[in-house]
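In: coords below, sequence missing:
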Ligand SMILES: Nc1ncnc2c1ncn2[C@@H]1O[C@H](COP(=O)(O)OP(=O)(O)O)[C@@H](O)[C@H]1O
Ligand SMILES: Nc1ncnc2c1ncn2[C@@H]1O[C@H](COP(=O)(O)OP(=O)(O)O)[C@@H](O)[C@H]1O
Ligand SMILES: [Zn+2]
Ligand SMILES: [Zn+2]
């Protein structure tokens, strides 16, 4: 049996499976202190082992910033997160104390990108970008079949973008950068600007035009820098079902015909900027994939 | 003997070598019409074959946008370039008519990134970014040992960036986007803003602060999106030797400590944002590498 943790800043999702695409059992609980939260995950896995037999690998896709580079002294840790209590937490170290099995570790979004690459909307593609717009904004990238780390790992939500001519005065909520993309369009940013959570704002509210414009601006940047073969967008904010279509047409408008490809046309764009093929399961299924890779490499 | 072409929008550099790091003979000439320019390259190679023996592979690193995806019907072509006469030019097709040898084809900057990855400042690194700031602004990326194409190829110069609080009024020179990075800091952009070419503007001119700020803004975006292990910056504008140091400190200021790594510190940054290891030869040496790869894969 294989196991996965989608370690989010708001909630943890833990699951076990025999085949990565078919979850056997799953549990979700809020992210509290590291001690309590990691203990809950371990308890779940111990129970599962009693019922279903031994777990042979574990993958963890975590909120960040993290250190995903094996060989680094801080490998397996959550590093400079602004989330209280979670700075410099050695999540893989703690898990290894209780479970002596191969473990994979990466960002939640790199895990989701890997899941989508293997079994979702990114199958067989050279450059797969998975973006989540939820409590934070984060992007994971699989290039040539492997998640991208480089110096640390992508932190796509923290790019700066032009605010447009109608430059609204909202200062943004990122504690590091103010009005980076995460500071402007994450769920908490939308709530701070509107004075009510995104799920309570009707589709007709003109504020969504501003949000769509910023998201489109970010996607244009990702397209110019990475040239993804497909962009997969998930996360709670996309619960606004009108949003994706608005973003698609704004992306075309902003690129202004410079990059030519059948996907970058009014007919093709809905195949280019898409919802996750694995629905809301990309993260936890991607975590399975991280564990399986670790097992294969060990 | 191996051959390479660095096909720039301003000039072509053609070279031959036995060992890719040691150029045997090289020729440079201005980029005029496709017919004339490609014929000059072919003449040079024919002469070289008479003197040094047969050429066994050719790599072409070209200005773009291009189609570098073998299997695509427009593979080997320069596509939507604003450069007069060069739109939809089948450069590899024309070369193949005269030379029936394995040919590699990629952007000039992907070629340079590959050269730097193999023999220059990017050796052994997972994510290598090569950026040129010259007649245009372009970036090439090698990830997991291979140049990145994805949908088409990166077009890093064409990202939009915030103009800052002192938002200067310069409209930018990009025919597609106005004030994208290329529209703001390419050599022609600098010349248009200042009324004289960059090489004639003294280091004390306050305009360089604005240029350094925009370049730093672009690098921060590349860092957040790609997480390169190292950023290699070349191109004519870096002839301003004070510029790189200004850019380095502005990058640290803008990232504001969010991404933690020894390279992203005042002590480490000069090892992170660096000049090309191959000097001005990254492009043509990278072209050799493109040809060698094509020969190995054929
Ligand atoms: N229908 C909706 N419209 C707009 N925002 C929503 C909607 N549903 C959830 N959100 C916002 O999405 C965020 C949660 O995102 P989610 O992806 O579910 O969680 P997380 O990022 O923590 O994994 C919250 O800030 C919430 O306000
Ligand atoms: N010392 C310098 N300072 C500033 N700009 C320069 C300097 N030298 C050359 N340039 C500018 O760089 C551009 C040429 O860049 P280069 O990289 O040499 O060519 P290309 O991009 O065509 O290969 C020109 O626009 C020129 O004005
Ligand atoms: Zn930020
Ligand atoms: Zn542009």
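Out: Looks like it came in fine. No experiment lies behind these values; they were computed from the predicted model shown. Ligands and ions are numbered 1, 2, ... in the order given.

In: hey, let's count contacts and neighbours off CA atoms from now on
Out: Noted.

In: I'd like to know how many residues surround the residue nearest to residue A:278 when sequence neighbours are not counted.
Out: Of all residues not flanking residue A:278 in the chain, residue A:120 sits nearest, at 5.4 Å (C-alpha to C-alpha, 6 or more residues apart in numbering or on different chains). Applying other C-alpha atoms under 10 Å in any protein chain shown, we find 23 residues neighbouring residue A:120.

In: Which residues are in contact with residue A:120?
Out: A:276, A:277, A:278, A:282 (C-alpha atoms under 8 Å, 6 or more residues apart in numbering or on different chains).

In: can you check residue A:270 too?
Out: A:245, A:248, A:263.

In: so how far is ligand 4 from residue A:99?
Out: 52 Å (C-alpha to the ion, to the nearest Å).

In: Before we move on, what's the pLDDT of residue A:167?
Out: With respect to pLDDT, residue A:167 scores 65.

In: Let me see the ranges of the strands in chain A.
Out: Secondary structure of chain A (DSSP state E): strands located at A:2-7, A:11-17, A:23-30, A:57-62, A:103-107, A:127-133, A:137-143, A:146-147, A:230-234, A:273-274.

In: Which secondary structure elements does the fourth one sit against?
Out: The one in question is strand A:57-62. Helices and strands touching strand A:57-62, by 3 or more C-alpha pairs under 8 Å, 6 or more residues apart in numbering or on different chains; DSSP states H and E, are strand A:2-7, strand A:103-107, helix A:108-119, helix A:282-297.

In: Parallel or antiparallel, list what pairs with the first one.
Out: Looking back up the chat, that one is strand A:2-7. strand A:11-17 (antiparallel), strand A:57-62 (parallel) (DSSP bridges).

In: give me every residue that touches the most centrally placed residue in chain A.
Out: Nearest residue to the geometric centre of chain A (C-alpha atoms, centre = their mean): residue A:109, 2.9 Å. Listed by C-alpha under 8 Å, 6+ apart, the contact set of residue A:109 reads A:61, A:62, A:130, A:131, A:132, A:138, A:139, A:140, A:141, A:283.

In: out of those, which are buried?
Out: A:61, A:62, A:130, A:131, A:132, A:138, A:139, A:140, A:141, A:283 (16 or more other C-alpha atoms under 10 Å in any protein chain shown).

In: Quickly note the distance from the third one to ligand 4.
Out: Counting by C-alpha to the ion, the gap between residue A:130 and ligand 4 amounts to 25 Å.

In: Rounded mean pLDDT for stretch A:92-103, please.
Out: 97.

In: could the helices and strands packed on strand A:57-62 be laid out in TSV, adding distance to ligand 3?
Out: What follows is the helices and strands packed on strand A:57-62, written out as TSV (distance: least, C-alpha to the ion, whole Å):
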stretch	distance to ligand 3
strand A:2-7	20
strand A:103-107	17
helix A:108-119	16
helix A:282-297	22
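
In: any weak-confidence spans in chain A?
Out: For chain A, residues meeting the criterion pLDDT under 70 lie at A:165-167.

In: Next up, the contacts around the closest residue to ligand 4 within it.
Out: The nearest approach of chain A to ligand 4 comes at residue A:258, 7.8 Å away (C-alpha to the ion). Residue A:258 makes contact with B:80, B:176, according to C-alpha under 8 Å, 6+ apart.

In: From ligand 1, how far off is it?
Out: Distance of residue A:258 to ligand 1, computed by C-alpha to the nearest ligand atom, to the nearest Å: 32 Å.

In: now that residue: how far from residue A:265?
Out: Note on residue A:258: its distance to residue A:265, by C-alpha to C-alpha, to the nearest Å, is 11 Å.

In: is it possible to export the helices and strands packed on strand A:57-62 to JSON lines including distance to residue B:92?
Out: Below are the helices and strands packed on strand A:57-62 laid out as JSON lines (distance: least, C-alpha to C-alpha, whole Å):
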{"stretch": "strand A:2-7", "distance to residue B:92": "47"}
{"stretch": "strand A:103-107", "distance to residue B:92": "40"}
{"stretch": "helix A:108-119", "distance to residue B:92": "32"}
{"stretch": "helix A:282-297", "distance to residue B:92": "39"}
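
In: ok, back up a step: now, the contacts of residue A:120 that are in helices?
Out: Counting by DSSP state H, the members of those that fall within helices are residue A:282.

In: Which of the contacts of residue A:120 has the largest number of neighbours?
Out: Result: residue A:282 is most packed of those (other C-alpha under 10 Å), 28 neighbours.

In: how close does that residue get to residue A:203?
Out: Taking C-alpha to C-alpha, one finds residue A:282 at 26 Å from residue A:203.

In: In contact with residue A:143, which residues?
Out: A:126, A:127, A:128, B:143, B:144, B:148.

In: at 6 Å instead, please
Out: Residue A:143 makes contacts with A:126, A:127, as judged by C-alpha atoms under 6 Å, 6 or more residues apart in numbering or on different chains.
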